[in-house]
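Engineer: Structure, please.
(4 chains)
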There are 2 protein chains.
Amino acid sequence: MSAAGTRARVRAELTREIAEVARAHLATSGAAALSLRAVARELGMASSAVYRYFPSRDDLLTALIVDAYDALGAAAEAAGAAAGPDIRARWLAVCRSAREWALAHPHEYALVYGSPVPGYAAPESTIGPAGRVGVVLSQVVVDGIATGEIDATGSVDDGALVPGVAEELGLPAALGARAVFAWTALFGLINFELFGHTHNIVQDSAAYFDAAVARLLPTGS
Amino acid sequence: MSAAGTRARVRAELTREIAEVARAHLATSGAAALSLRAVARELGMASSAVYRYFPSRDDLLTALIVDAYDALGAAAEAAGAAAGPDIRARWLAVCRSAREWALAHPHEYALVYGSPVPGYAAPESTIGPAGRVGVVLSQVVVDGIATGEIDATGSVDDGALVPGVAEELGLPAALGARAVFAWTALFGLINFELFGHTHNIVQDSAAYFDAAVARLLPTGS
DNA sequence: CCATGATGCCGAGCACTGCTCTTTTCTGAG
DNA sequence: CTCAGAAAAGAGCAGTGCTCGGCATCATGG
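Structural biologist: This next block holds a predicted model:
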C-alpha cells in the first residue's frame, strides 16, 4: 500500500478516535459540556492538533449528530426488519425502538431532537440520516396499505406538504400529512418523556407510550 | 415607608432589570450565548455584582424559564378566553396561540421545550407555570363534554397516568391519557417546526398545524 | 448626631473555553 | 539520504463562570 494511503488511513483512524472520545464525553456530560480541549487532553495531544481533524467544535458536533441520526435510524430499521408481518406489531416495534434508543442515549438524542445549538445550521450531510426513522415508519404504512390493513382512502391531500414527498415515500397523497404527523407525534412523545415534561403526570411511561403510539398509525377517513 | 422597604424595592427593581436585559440577550442570541458578564456590561455594573441578585447563571436561566412558561401560559389562556363558545374553534385557537407564541419567541421556547440545560434540574417553581397550557387545553375538553360536543365514553383508563391527574383537571378518567397525548403532540408539532425537522417536508406549516391539531381533540371510542 | 453593622459594589484573579498563529518535529516520497 | 509537506506543539488572545477581599454607602440603635 502506498505511503499516501498509509497517511490517509492513519488520519481517518485518528479522526474516528477523536469522534469516539467526543461521543463518550457527550454521553456522560451532554453537548454543552463537550470541550474540544478535554477531548484533546484525553487523547494526549495538544488542543490545537485537534483542529487538523475538525475545523471547529461545531464540526465535531456535526459529526456526532450524523452518528446519532444514523444510530437511531439503524435501530429503527433493525426493529422494523425483526418484527413479524403484522402491521400494528411492526409499527409498535419501530416506535418502541426509537424510544428505547433515546432512553439509552439521552444526550445524543437531545443533541439531535432538542434545541438546535446556537448559531448552528444543519448541513446537508445530516438530511439523509435524519430521515431514516421516517422512512421506516412510512414503509410500515405502505406495507399496511398493500395488505389491506390500512385504509388509504377518504382523506384528501390538503397541499400542506412539499409536493412529491408522499410519492417519494411511496405513500398515497391522502395519507402523507397523517404519516408526517405520526412521525412528529412520536418524537413529541419521546421528547416530553425524556425532557421531564410528563414527570408528575405520567406514571407508567412505557404503557402510556404504547397506547399513544398504537393510536398513531395513520389511516384514512 | 421604612428604609428596609426601600431597599427591598430597589433590589426587586434591579433584579427585574437584570432579568429583562438577560431576556433581551436570550431573545437575540439564544440561551447558550447568554453571558452573565455581557448582561452586567450592558447594565454598567461589574459582573460580580450580578451575583448578589442571581447566585449563578443557572438561577438567571431559571427565572427566564419561569417567565417563558408564564408568558406562553398567559397567551394560551387569553386565546382560550377570547375564542367563542364553539369547542373546536376554541381548541384550535388555543393551539394556534401556543404555536404563534413559540414562533414569536423561538429562543425562549427552546429554553423551555428544547433540551434541558446541562446539569440543570427544574426546580419546583417551574411546575406551576409549566402546566398552564395543559390546563387551558383540558378546560376546553371539559367544556366540550359539558356541551355534549365531546364524547367521553368508551375509552378505558389504562392506569398509565399518575392517579388523580385526570380528576385534578376535571377530566373523566377515560379521557385522561388522550388529553395528555394531545398536549404532548401539540408541542411535538411546534418542536419539529421550530427546530427545522419538517424543513423539506412540510410546505405550509400553518395549514399542516391546523389540520393536525384539529384531529387531536380527544374524544372517546 | 454619630458609630456600627449590614448591604451593595468593584476589581483582581482562577480555571476554563474556542480558536489562531508561529515554530518545531516528524515522516514518507523521490 | 534528503527534504518538502504534513502533523504536532506551544504560546497567546479574548472570552466565560465564579470567588474573594476590600471599599463605599446607608439604615438604624444608642
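
Engineer: so who does residue A:26 touch?
Structural biologist: By C-beta atoms under 8 Å, 6 or more residues apart in numbering or on different chains, the contact set of residue A:26 is A:34, A:64, A:107-108, A:111. The way it works is simple: take the backbone N, C-alpha and C, and place the C-beta from them, glycine included.

Engineer: How about the residues of chain A by DNA strand D?
Structural biologist: A:7, A:11, A:14, A:44-49, A:52 (C-beta under 7 Å from any atom of the strand).

Engineer: Export the contacts of residue A:26 as CSV, with columns for secondary structure, neighbour count and pLDDT.
Structural biologist: CSV is the format used below for those (DSSP: H, G, I helix; E, B strand; the rest coil; neighbours: other C-beta atoms under 10 Å in any protein chain shown; pLDDT from 0 to 100):
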residue, secondary structure, neighbour count, pLDDT
A:34, coil, 22, 96
A:64, helix, 22, 96
A:107, helix, 23, 95
A:108, helix, 23, 96
A:111, helix, 25, 95
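
Engineer: Can you tell me which of those is closest to residue B:79?
Structural biologist: residue A:111 (32.9 Å; C-beta to C-beta).

Engineer: pretty sure residue A:181 contacts residue B:212?
Structural biologist: Yes. Contact between residue A:181 and residue B:212 holds when scored by C-beta atoms under 8 Å: they sit 4.7 Å apart.

Engineer: Can you check which residues contact both of those two?
Structural biologist: With C-beta under 8 Å, 6+ apart as the test, residue A:181 and residue B:212 both reach B:185, B:189.

Engineer: Go through the contacts of residue A:26 and say which is closest to residue A:195.
Structural biologist: Closest to residue A:195, out of all of the contacts of residue A:26 and judged by C-beta to C-beta, is residue A:107, at 11.9 Å.

Engineer: give the contact list for that closest one.
Structural biologist: So residue A:107 contacts A:26-31 (C-beta under 8 Å, 6+ apart).

Engineer: DNA strand C versus that one, what's the distance?
Structural biologist: Noted for residue A:107: a distance of 15 Å to DNA strand C, by C-beta to the nearest atom of the strand, to the nearest Å.

Engineer: Give me the phi and psi angles of the residue nearest to that residue when sequence neighbours are not counted.
Structural biologist: Nearest non-adjacent residue to residue A:107, counting by C-beta to C-beta, 6 or more residues apart in numbering or on different chains: residue A:30, 4.9 Å away. Backbone torsions for residue A:30, taken as degrees, to the nearest 10, come to phi 90, psi 160.

Engineer: Distance check, residue A:30 against DNA strand C.
Structural biologist: For residue A:30, the distance to DNA strand C - C-beta to the nearest atom of the strand - is 13 Å.

Engineer: Show the model's pLDDT score for that residue.
Structural biologist: We have a pLDDT of 92 for residue A:30.

Engineer: Let me know whether it touches residue A:108 as I believe.
Structural biologist: No. Using C-beta under 8 Å, residue A:30 is not in contact with residue A:108, being 9.8 Å away.

Engineer: joint contacts of those two?
Structural biologist: Common neighbours of residue A:30 and residue A:108 (C-beta under 8 Å, 6+ apart) do not exist.

Engineer: now for the helix or strand encompassing residue A:91, which elements pack on it?
Structural biologist: Taking DSSP states H and E as the criterion, residue A:91 maps to helix A:87-104. Applying 3 or more C-beta pairs under 8 Å, 6 or more residues apart in numbering or on different chains; DSSP states H and E, one finds that helix A:87-104 contacts helix A:57-82, helix A:106-113, helix A:132-147, helix A:173-194, helix A:205-214.

Engineer: now the angle between helix A:132-147 and it, please.
Structural biologist: Interaxial angle of helix A:87-104 relative to helix A:132-147 (axes from the mean of the first three to the mean of the last three C-alpha atoms, to 10 degrees): 170 degrees.

Engineer: what residues does helix A:87-104 touch?
Structural biologist: If you take C-beta under 8 Å, 6+ apart as the criterion, helix A:87-104 is touched by A:71-72, A:75-76, A:78-80, A:82-84, A:109, A:113, A:133, A:136-137, A:140, A:143-144, A:147, A:149-150, A:186-187, A:189-190, A:193-194, A:209-210, A:213-214, A:216-217.

Engineer: Please put the alpha-carbon coordinates of it into CSV.
Structural biologist: Extracted in CSV, the C-alpha atoms of helix A:87-104 (Å, rounded to 0.1, in the frame of the first residue of the first chain):
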residue,chain,number,x,y,z
ILE,A,87,-48.5,-4.3,10.7
ARG,A,88,-49.6,-3.0,14.0
ALA,A,89,-46.9,-5.0,15.8
ARG,A,90,-44.3,-3.8,13.4
TRP,A,91,-45.4,-0.2,13.9
LEU,A,92,-45.2,-0.6,17.6
ALA,A,93,-41.8,-2.2,17.4
VAL,A,94,-40.4,0.6,15.3
CYS,A,95,-41.8,3.2,17.6
ARG,A,96,-40.5,1.4,20.7
SER,A,97,-37.1,1.1,19.2
ALA,A,98,-36.9,4.8,18.8
ARG,A,99,-38.0,5.4,22.3
GLU,A,100,-35.6,2.8,23.7
TRP,A,101,-32.7,4.2,21.8
ALA,A,102,-33.5,7.7,23.1
LEU,A,103,-33.7,6.4,26.7
ALA,A,104,-30.4,4.6,26.2
